[in-house]
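**Q** this one's structure only:
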Ligand SMILES: Nc1ncnc2c1ncn2[C@@H]1O[C@H](COP(=O)(O)O)[C@@H](O)[C@H]1OP(=O)(O)O
Ligand SMILES: [Mg+2]
Ligand SMILES: [Mg+2]
Ligand SMILES: [Mg+2]
(Lines give C-alpha, C1' and ligand atoms only; values in the text may rest on other atoms or scores of the structure.)
(Ligands and ions follow the chains in the order given, each with its own letter.)
Protein backbone atom coordinates (compact mmCIF):
# COMPACT_ATOMS: atom_id res chain seq x y z
CA UNK A 1 0.00 0.00 0.00
CA UNK A 2 2.81 2.37 0.99
CA UNK A 3 4.60 1.70 -2.28
CA UNK A 4 1.39 2.33 -4.26
CA UNK A 5 1.08 5.69 -2.51
CA UNK A 6 4.71 6.50 -3.20
CA UNK A 7 4.28 5.55 -6.85
CA UNK A 8 1.21 7.78 -7.07
CA UNK A 9 3.07 10.71 -5.51
CA UNK A 10 5.87 10.25 -8.05
CA UNK A 11 3.53 10.18 -11.08
CA UNK A 12 3.82 13.12 -13.51
CA UNK A 13 1.80 16.20 -12.55
CA UNK A 14 -0.63 15.78 -15.47
CA UNK A 15 -1.49 12.25 -14.34
CA UNK A 16 -1.94 13.31 -10.72
CA UNK A 17 -4.28 16.12 -11.74
CA UNK A 18 -6.47 13.79 -13.81
CA UNK A 19 -6.45 11.10 -11.10
CA UNK A 20 -7.41 13.69 -8.47
CA UNK A 21 -10.05 15.27 -10.71
CA UNK A 22 -11.77 11.89 -11.16
CA UNK A 23 -12.22 11.64 -7.37
CA UNK A 24 -13.09 15.32 -6.89
CA UNK A 25 -15.75 15.29 -9.64
CA UNK A 26 -17.40 12.31 -7.95
CA UNK A 27 -17.51 14.17 -4.62
CA UNK A 28 -19.01 17.23 -6.36
CA UNK A 29 -21.62 14.94 -7.93
CA UNK A 30 -22.66 13.76 -4.45
CA UNK A 31 -23.07 17.38 -3.37
CA UNK A 32 -25.28 18.02 -6.43
CA UNK A 33 -27.49 15.03 -5.53
CA UNK A 34 -27.66 16.10 -1.87
CA UNK A 35 -28.85 19.62 -2.75
CA UNK A 36 -31.59 18.18 -4.97
CA UNK A 37 -32.60 15.66 -2.31
CA UNK A 38 -32.97 18.44 0.28
CA UNK A 39 -35.27 20.23 -2.17
CA UNK A 40 -34.11 23.83 -1.69
CA UNK A 41 -32.26 24.73 -4.90
CA UNK A 42 -31.57 28.38 -3.96
CA UNK A 43 -31.92 29.56 -7.56
CA UNK A 44 -30.29 32.88 -8.54
CA UNK A 45 -30.73 34.41 -12.01
CA UNK A 46 -27.26 35.47 -13.26
CA UNK A 47 -28.61 36.74 -16.60
CA UNK A 48 -31.03 35.89 -19.38
CA UNK A 49 -31.52 32.08 -19.56
CA UNK A 50 -28.63 31.80 -17.09
CA UNK A 51 -29.35 30.29 -13.67
CA UNK A 52 -27.19 29.35 -10.70
CA UNK A 53 -28.27 27.06 -7.86
CA UNK A 54 -26.90 26.07 -4.47
CA UNK A 55 -25.60 22.94 -6.21
CA UNK A 56 -23.52 25.02 -8.69
CA UNK A 57 -22.11 27.08 -5.79
CA UNK A 58 -21.34 24.20 -3.43
CA UNK A 59 -19.96 21.86 -6.10
CA UNK A 60 -17.66 24.66 -7.27
CA UNK A 61 -16.42 25.29 -3.70
CA UNK A 62 -15.67 21.58 -3.27
CA UNK A 63 -13.78 21.35 -6.57
CA UNK A 64 -11.84 24.63 -6.28
CA UNK A 65 -10.87 24.07 -2.63
CA UNK A 66 -9.70 20.52 -3.30
CA UNK A 67 -7.72 21.38 -6.43
CA UNK A 68 -6.19 24.52 -4.90
CA UNK A 69 -4.95 22.58 -1.86
CA UNK A 70 -3.41 19.83 -4.00
CA UNK A 71 -2.02 22.05 -6.79
CA UNK A 72 -1.44 25.48 -5.22
CA UNK A 73 0.41 27.00 -8.18
CA UNK A 74 -2.00 25.99 -10.94
CA UNK A 75 -4.42 28.57 -12.34
CA UNK A 76 -7.93 27.28 -11.72
CA UNK A 77 -10.88 29.10 -13.28
CA UNK A 78 -14.42 28.20 -12.29
CA UNK A 79 -17.73 29.25 -13.82
CA UNK A 80 -19.12 30.59 -10.57
CA UNK A 81 -16.29 33.08 -9.96
CA UNK A 82 -14.37 33.54 -6.74
CA UNK A 83 -15.63 31.01 -4.24
CA UNK A 84 -15.19 30.85 -0.49
CA UNK A 85 -12.64 28.07 -0.20
CA UNK A 86 -13.28 27.46 3.51
CA UNK A 87 -15.30 24.31 3.01
CA UNK A 88 -16.45 21.49 5.29
CA UNK A 89 -13.61 19.01 5.85
CA UNK A 90 -15.49 16.22 4.08
CA UNK A 91 -15.66 18.28 0.87
CA UNK A 92 -11.87 18.27 0.62
CA UNK A 93 -10.78 15.39 -1.55
CA UNK A 94 -7.18 14.29 -1.39
CA UNK A 95 -7.35 10.79 -2.92
CA UNK A 96 -6.30 10.03 -6.47
CA UNK A 97 -8.05 7.46 -8.63
CA UNK A 98 -5.70 4.49 -8.37
CA UNK A 99 -7.21 2.61 -11.32
CA UNK A 100 -6.39 5.52 -13.64
CA UNK A 101 -2.88 5.90 -12.25
CA UNK A 102 -2.06 2.21 -12.35
CA UNK A 103 -3.42 1.49 -15.82
CA UNK A 104 -2.10 4.43 -17.80
CA UNK A 105 1.32 5.68 -18.75
CA UNK A 106 1.83 9.41 -19.23
CA UNK A 107 2.46 10.34 -22.88
CA UNK A 108 6.01 11.65 -23.41
CA UNK A 109 4.76 15.10 -24.43
CA UNK A 110 2.97 15.57 -21.09
CA UNK A 111 5.61 14.14 -18.73
CA UNK A 112 7.43 17.43 -18.14
CA UNK A 113 4.37 19.67 -17.78
CA UNK A 114 4.79 22.15 -14.90
CA UNK A 115 2.14 23.85 -12.78
CA UNK A 116 2.78 27.14 -14.60
CA UNK A 117 1.98 25.52 -18.00
CA UNK A 118 -1.50 24.53 -16.85
CA UNK A 119 -4.95 25.99 -16.53
CA UNK A 120 -7.82 23.98 -15.06
CA UNK A 121 -11.31 24.99 -16.23
CA UNK A 122 -14.12 24.04 -13.86
CA UNK A 123 -17.82 23.86 -14.67
CA UNK A 124 -19.17 22.55 -11.37
CA UNK A 125 -22.58 21.81 -12.85
CA UNK A 126 -23.11 21.87 -16.59
CA UNK A 127 -26.78 21.86 -17.49
CA UNK A 128 -28.14 24.00 -14.67
CA UNK A 129 -31.33 24.64 -16.56
CA UNK A 130 -31.79 20.87 -17.03
CA UNK A 131 -31.09 20.36 -13.29
CA UNK A 132 -33.82 22.81 -12.28
CA UNK A 133 -36.28 21.22 -14.73
CA UNK A 134 -35.64 17.59 -13.79
CA UNK A 135 -33.62 16.42 -16.81
CA UNK A 136 -31.12 15.06 -14.34
CA UNK A 137 -29.24 12.59 -16.53
CA UNK A 138 -28.03 15.54 -18.62
CA UNK A 139 -26.25 17.20 -15.71
CA UNK A 140 -22.46 16.85 -15.68
CA UNK A 141 -19.48 18.06 -13.65
CA UNK A 142 -16.69 19.21 -15.98
CA UNK A 143 -13.01 19.56 -15.06
CA UNK A 144 -10.86 20.42 -18.08
CA UNK A 145 -7.08 20.63 -18.14
CA UNK A 146 -5.26 22.80 -20.67
CA UNK A 147 -1.54 22.80 -21.30
CA UNK A 148 0.02 25.69 -23.19
CA UNK A 149 -3.42 26.86 -24.40
CA UNK A 150 -4.70 23.48 -25.65
CA UNK A 151 -7.35 21.28 -24.04
CA UNK A 152 -5.46 18.05 -23.35
CA UNK A 153 -7.22 16.30 -20.50
CA UNK A 154 -10.57 16.23 -18.83
CA UNK A 155 -13.15 14.59 -16.66
CA UNK A 156 -16.89 14.45 -17.30
CA UNK A 157 -18.85 13.17 -14.30
CA UNK A 158 -22.54 12.36 -14.63
CA UNK A 159 -24.02 12.33 -11.10
CA UNK A 160 -27.38 10.86 -12.14
CA UNK A 161 -26.18 8.16 -14.55
CA UNK A 162 -27.81 4.86 -13.53
CA UNK A 163 -25.20 2.12 -13.49
CA UNK A 164 -25.94 -1.59 -14.05
CA UNK A 165 -25.64 -2.31 -10.34
CA UNK A 166 -28.28 0.30 -9.53
CA UNK A 167 -25.96 2.94 -8.08
CA UNK A 168 -25.88 6.52 -9.38
CA UNK A 169 -23.01 8.27 -11.11
CA UNK A 170 -20.18 7.57 -13.52
CA UNK A 171 -16.99 9.39 -14.45
CA UNK A 172 -15.54 9.57 -17.93
CA UNK A 173 -11.98 10.76 -18.45
CA UNK A 174 -9.78 11.48 -21.44
CA UNK A 175 -6.16 12.46 -22.02
CA UNK A 176 -4.70 13.16 -25.44
CA UNK A 177 -2.13 10.52 -26.23
CA UNK A 178 -3.72 8.00 -23.84
CA UNK A 179 -7.36 7.82 -24.90
CA UNK A 180 -10.58 7.91 -22.91
CA UNK A 181 -12.18 5.67 -20.30
CA UNK A 182 -15.15 5.19 -18.00
CA UNK A 183 -17.64 4.43 -20.75
CA UNK A 184 -18.18 2.11 -23.68
CA UNK A 185 -17.31 3.87 -26.96
CA UNK A 186 -19.84 3.24 -29.74
CA UNK A 187 -19.73 4.40 -33.37
CA UNK A 188 -22.79 6.35 -34.54
CA UNK A 189 -25.04 4.56 -37.07
CA UNK A 190 -23.87 4.57 -40.69
CA UNK A 191 -27.34 4.68 -42.28
CA UNK A 192 -28.53 7.99 -40.82
CA UNK A 193 -27.12 11.35 -39.76
CA UNK A 194 -27.94 12.65 -36.28
CA UNK A 195 -27.04 16.10 -35.00
CA UNK A 196 -27.23 17.13 -31.35
CA UNK A 197 -27.76 20.75 -30.34
CA UNK A 198 -29.09 23.03 -27.60
CA UNK A 199 -32.52 22.53 -26.07
CA UNK A 200 -32.80 25.88 -24.32
CA UNK A 201 -30.57 28.37 -26.20
CA UNK A 202 -31.73 28.14 -29.83
CA UNK A 203 -32.15 31.01 -32.31
CA UNK A 204 -32.48 31.59 -36.06
CA UNK A 205 -28.75 31.17 -36.74
CA UNK A 206 -28.55 27.94 -34.72
CA UNK A 207 -31.49 26.63 -36.77
CA UNK A 208 -30.07 27.70 -40.15
CA UNK A 209 -26.83 25.81 -39.42
CA UNK A 210 -28.89 22.70 -38.61
CA UNK A 211 -31.05 23.07 -41.72
CA UNK A 212 -27.96 23.23 -43.96
CA UNK A 213 -26.85 19.81 -42.69
CA UNK A 214 -30.23 18.13 -43.46
CA UNK A 215 -29.98 15.72 -40.54
CA UNK A 216 -32.26 12.70 -40.28
CA UNK A 217 -32.72 13.57 -36.62
CA UNK A 218 -31.94 16.48 -34.30
CA UNK A 219 -31.28 15.56 -30.68
CA UNK A 220 -32.09 18.67 -28.63
CA UNK A 221 -30.51 18.07 -25.25
CA UNK A 222 -29.05 20.45 -22.70
CA UNK A 223 -25.48 20.66 -21.50
CA UNK A 224 -22.20 20.78 -23.40
CA UNK A 225 -20.89 17.76 -21.47
CA UNK A 226 -23.99 15.71 -22.18
CA UNK A 227 -23.93 16.54 -25.89
CA UNK A 228 -20.33 15.38 -26.17
CA UNK A 229 -21.35 12.17 -24.38
CA UNK A 230 -23.88 11.66 -27.21
CA UNK A 231 -20.96 11.75 -29.67
CA UNK A 232 -18.84 9.40 -27.57
CA UNK A 233 -21.63 6.84 -27.21
CA UNK A 234 -22.78 6.80 -30.83
CA UNK A 235 -26.10 8.62 -30.33
CA UNK A 236 -25.11 11.50 -32.63
CA UNK A 237 -22.57 12.24 -35.35
CA UNK A 238 -22.16 15.97 -34.75
CA UNK A 239 -22.73 18.65 -32.08
CA UNK A 240 -23.62 21.88 -33.83
CA UNK A 241 -24.22 25.15 -31.95
CA UNK A 242 -23.89 28.27 -34.11
CA UNK A 243 -24.24 30.74 -31.27
CA UNK A 244 -22.23 32.33 -28.50
CA UNK A 245 -23.24 31.28 -24.98
CA UNK A 246 -20.89 28.42 -24.14
CA UNK A 247 -17.76 29.42 -22.25
CA UNK A 248 -14.30 27.90 -21.88
CA UNK A 249 -15.35 25.81 -18.84
CA UNK A 250 -18.18 24.28 -20.93
CA UNK A 251 -15.89 22.98 -23.66
CA UNK A 252 -12.40 22.38 -22.20
CA UNK A 253 -13.12 18.96 -20.64
CA UNK A 254 -15.52 17.82 -23.40
CA UNK A 255 -13.04 18.86 -26.12
CA UNK A 256 -10.16 17.00 -24.45
CA UNK A 257 -12.18 13.82 -23.86
CA UNK A 258 -13.68 13.84 -27.36
CA UNK A 259 -10.33 14.44 -29.05
CA UNK A 260 -8.59 11.85 -26.86
CA UNK A 261 -11.08 9.39 -28.30
CA UNK A 262 -10.53 10.45 -31.94
CA UNK A 263 -13.24 13.08 -32.41
CA UNK A 264 -12.83 16.83 -32.80
CA UNK A 265 -14.25 19.99 -31.20
CA UNK A 266 -13.72 23.47 -32.64
CA UNK A 267 -15.62 26.69 -33.21
CA UNK A 268 -18.08 26.90 -36.11
CA UNK A 269 -15.22 27.98 -38.41
CA UNK A 270 -13.10 24.94 -37.59
CA UNK A 271 -10.63 26.64 -35.25
CA UNK A 272 -9.65 25.24 -31.88
CA UNK A 273 -10.32 27.48 -28.92
CA UNK A 274 -7.37 28.56 -26.80
CA UNK A 275 -7.61 27.79 -23.07
CA UNK A 276 -4.74 29.81 -21.59
CA UNK A 277 -5.24 31.83 -18.40
CA UNK A 278 -5.71 35.16 -20.18
CA UNK A 279 -8.30 34.15 -22.79
CA UNK A 280 -11.79 35.64 -22.75
CA UNK A 281 -14.37 33.28 -21.30
CA UNK A 282 -17.04 33.23 -24.06
CA UNK A 283 -16.79 30.77 -26.94
CA UNK A 284 -17.96 33.59 -29.18
CA UNK A 285 -17.74 31.60 -32.43
CA UNK A 286 -19.96 28.68 -31.47
CA UNK A 287 -19.23 24.98 -31.18
CA UNK A 288 -18.78 22.20 -33.74
CA UNK A 289 -18.04 18.73 -32.40
CA UNK A 290 -17.74 15.53 -34.40
CA UNK A 291 -17.60 11.91 -33.28
CA UNK A 292 -14.61 9.69 -33.96
CA UNK A 293 -14.64 8.54 -37.59
CA UNK A 294 -16.78 11.47 -38.81
CA UNK A 295 -15.16 14.04 -41.08
CA UNK A 296 -15.10 17.41 -39.34
CA UNK A 297 -14.08 19.01 -42.65
CA UNK A 298 -17.11 17.60 -44.49
CA UNK A 299 -19.48 19.09 -41.95
CA UNK A 300 -17.62 22.41 -41.92
CA UNK A 301 -17.91 22.45 -45.71
CA UNK A 302 -21.69 22.12 -45.52
CA UNK A 303 -22.20 25.01 -43.11
CA UNK A 304 -23.35 28.12 -45.00
CA UNK A 305 -20.91 31.01 -45.39
CA UNK A 306 -23.58 33.31 -43.94
CA UNK A 307 -23.53 31.33 -40.69
CA UNK A 308 -19.72 31.34 -40.56
CA UNK A 309 -19.58 35.09 -41.27
CA UNK A 310 -22.16 35.84 -38.60
CA UNK A 311 -20.26 33.74 -36.06
CA UNK A 312 -16.92 35.26 -37.03
CA UNK A 313 -18.30 38.73 -36.35
CA UNK A 314 -19.19 37.81 -32.78
CA UNK A 315 -15.49 37.20 -32.05
N1 LIG B 1 -26.79 31.89 -23.21
C2 LIG B 1 -26.18 31.18 -22.26
N3 LIG B 1 -26.02 31.68 -21.04
C4 LIG B 1 -25.40 30.97 -20.09
N5 LIG B 1 -24.89 29.74 -20.26
C6 LIG B 1 -25.03 29.20 -21.46
C7 LIG B 1 -25.68 29.88 -22.52
N8 LIG B 1 -25.66 29.07 -23.59
C9 LIG B 1 -25.03 27.96 -23.20
N10 LIG B 1 -24.63 28.02 -21.92
C11 LIG B 1 -23.88 27.01 -21.15
O12 LIG B 1 -23.50 26.00 -22.06
C13 LIG B 1 -24.15 24.78 -21.74
C14 LIG B 1 -24.62 24.13 -23.03
O15 LIG B 1 -25.60 24.93 -23.62
P16 LIG B 1 -26.93 24.29 -24.20
O17 LIG B 1 -27.52 23.40 -23.16
O18 LIG B 1 -27.80 25.47 -24.54
O19 LIG B 1 -26.46 23.54 -25.40
C20 LIG B 1 -25.30 25.15 -20.84
O21 LIG B 1 -25.66 24.08 -20.02
C22 LIG B 1 -24.73 26.33 -20.09
O23 LIG B 1 -23.82 25.84 -19.09
P24 LIG B 1 -24.23 25.86 -17.51
O25 LIG B 1 -25.45 25.02 -17.36
O26 LIG B 1 -23.02 25.27 -16.90
O27 LIG B 1 -24.43 27.30 -17.16
MG1 LIG C 1 -24.17 28.38 -15.70
MG1 LIG D 1 -21.81 24.72 -18.51
MG1 LIG E 1 -22.28 25.35 -15.03
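**A** Sure thing, it's come through. Just so it is clear, the structure is predicted and the values come from calculations on it, not from any experiment. Ligands and ions are numbered 1, 2, ... in the order given.

**Q** contacts, neighbours, all on C-alpha from now
**A** Noted.

**Q** Show me which residues of the stretch 101-250 of the chain sit near ligand 3.
**A** By the criterion of CA under 5 Å from the ion, the positions of the stretch 101-250 of the chain lying close to ligand 3 are 126, 250.

**Q** where do the strands sit along the stretch 101-250 of the chain?
**A** Listed in chain order, the strands found in the stretch 101-250 of the chain under DSSP state E, counting those that start in this stretch are 118-126, 140-147, 150-162, 168-175, 179-181, 194-197, 217-220, 238-241.

**Q** from the stretch 151-300 of the chain, which residue is nearest to ligand 3?
**A** residue 250 (4.4 Å; CA to the ion).

**Q** related to what we said a few turns ago, among the strands of the stretch 101-250 of the chain, which is nearest residue 204?
**A** Taking CA to CA as the criterion, residue 204 comes closest to strand 238-241 out of these, the separation being 11.2 Å.

**Q** Name every strand pairing with that closest one and say which way it goes.
**A** According to DSSP bridges, strand 238-241 has the following sheet partners: strand 194-197 (parallel), strand 287-290 (antiparallel).

**Q** so does the last one get close to ligand 1?
**A** It refers to strand 287-290. No - counting by CA under 6 Å from any ligand atom, ligand 1 has no neighbours in strand 287-290; the shortest distance is 9.4 Å.

**Q** Following that strand in sequence, what is the next regular element?
**A** helix 296-302 (DSSP states H and E).

**Q** State the number of residues packed around the residue nearest to residue 107 when sequence neighbours are not counted.
**A** What sits nearest to residue 107 in space, not counting adjacent residues and going by CA to CA, 6 or more residues apart in numbering, is residue 177, at 5.7 Å. Residue 177 sits with 17 neighbouring residues when counted by other CA atoms under 10 Å.

**Q** So which of the strands of the stretch 101-250 of the chain is nearest residue 97?
**A** Once these are compared by CA to CA, strand 168-175 is nearest, at 10.8 Å.

**Q** can you redo the strands of the stretch 101-250 of the chain as JSON lines with mean neighbour count and mean pLDDT?
**A** Formatted as JSON lines, the entries for these read as follows, by neighbours: other CA atoms under 10 Å; pLDDT from 0 to 100:
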{"stretch": "strand 118-126", "mean neighbour count": "28", "mean pLDDT": "98"}
{"stretch": "strand 140-147", "mean neighbour count": "29", "mean pLDDT": "98"}
{"stretch": "strand 150-162", "mean neighbour count": "26", "mean pLDDT": "98"}
{"stretch": "strand 168-175", "mean neighbour count": "22", "mean pLDDT": "98"}
{"stretch": "strand 179-181", "mean neighbour count": "19", "mean pLDDT": "98"}
{"stretch": "strand 194-197", "mean neighbour count": "25", "mean pLDDT": "98"}
{"stretch": "strand 217-220", "mean neighbour count": "16", "mean pLDDT": "98"}
{"stretch": "strand 238-241", "mean neighbour count": "28", "mean pLDDT": "98"}
